[in-house]
Structure formats: structure tokens, C-alpha cells
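1. Mind folding the following:
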Amino acid sequence: MKKEKSIYELQAEICKILSSPKRIEIINALKNGEKTVTELVEILGTPKANVSQHLAVMRHRGILKSRRDGVSIYYTIANPKVVQACSIMREVLNELLMERSKMAAKLMQKG
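-> Model (predicted):
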């Protein structure tokens, strides 16, 4: 029972980290391979300091890995299942939105 509680706590911690839209954007940007901070800044249109802060949090929690090559630091997803988890959640949300849209359309037809 104690082991399960610690797993739930870790899961909640990861979910808190992934509750930031910008962090999910970063994961999406990294899903096809590693990128530098500069590349991520260009993709996200976010200030470098902000991107670096998000990267540091995710790296510290084991969501991302980094490697240095000269003056550049490259970031990558530590475990591809993180990308899968985000993709599954996105599918769930899309399905939910579609259902709500259908329900709204039915209500409009009746009214």
C-alpha cells in the first residue's frame, strides 16, 4: 500500500509538471528528435529565458535529457512513452470536444 501511494504521488507530480501548455508544446516540438534551446525558442516563439526555465524543470524531473555538443545543449525526450501519454490525452480531449459539439448541435436543432 505504501509503494502504491508513492507511485500516485510521483504520477501527480509529473501531471503537475505537464499541466503547463508551454511544456506540452515543448514535448510536441521534441517528439521527432532533439533540439537546441535556440531551435525551441524559434519554434515556440517564446523568450529564451522562459524556454530554458521550462526545460530545466522537465530535465530535473526526468522528462527530458540533455547533452552538450560544444557550446550547444541539445534536449530530447527521456522516455518516448511521455509523448504517447500526451498524444493519448490529446485524443481523449478531441473526442470529448467532438461529443460536446454534437450535443450542442442537437440542442440547437431542438430549440
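2. What strand or helix carries the residue nearest to the spatial centre of the chain?
-> In the chain, the centroid-proximal residue (Cα atoms, centre = their mean) is residue 24; its distance is 2.5 Å. Under the criterion of DSSP states H and E, residue 24 resides in helix 21-30.
3. after that helix, next one along is what?
-> By DSSP H and E, the next helix or strand past helix 21-30 is strand 35-36.
4. Can you name the residues in contact with that following strand?
-> With contacts defined as Cβ atoms under 8 Å, 6 or more residues apart in numbering, strand 35-36 is touched by 29, 43, 72-76. For the C-beta atoms, the positions are set from N, CA and C on the backbone; glycine is no exception.
5. Look at the closest residue to residue 47 other than its chain neighbours and give its secondary structure.
-> Among residues not flanking residue 47 along the chain, residue 41 sits closest, at 7.3 Å (Cβ to Cβ, 6 or more residues apart in numbering). Here residue 41 is recorded as helix under DSSP: H, G, I helix; E, B strand; the rest coil.
6. Residue 75 now?
-> strand.
7. Return the distance of it relative to residue 48.
-> With distances taken as Cβ to Cβ, to the nearest Å, residue 75 is found 13 Å from residue 48.
8. Those two - which one has more neighbours?
-> Set side by side, residue 75 and residue 48 show more neighbours around residue 75, with 22 against 11, by other Cβ atoms under 10 Å.
9. Identify the residues contacting that one.
-> By Cβ under 8 Å, 6+ apart, the neighbours of residue 75 are 30, 34-37, 40, 55, 59, 64-66.
10. run the last query once more with 10 Å
-> Residue 75 makes contact with 26, 29-30, 34-37, 39-40, 51, 55, 58-59, 64-67, according to Cβ atoms under 10 Å, 6 or more residues apart in numbering.
11. these two touch, right, the residue nearest to the centre of the chain and residue 44?
-> No - assessed by Cβ atoms under 10 Å, residue 24 is found out of contact with residue 44, at 11.0 Å.
12. hmm, back to that, so which elements touch the helix holding residue 24?
-> When contacts are defined as 3 or more Cβ pairs under 10 Å, 6 or more residues apart in numbering; DSSP states H and E, helix 21-30 sits against helix 37-44, helix 48-60, strand 64-69, strand 72-77, helix 80-110.
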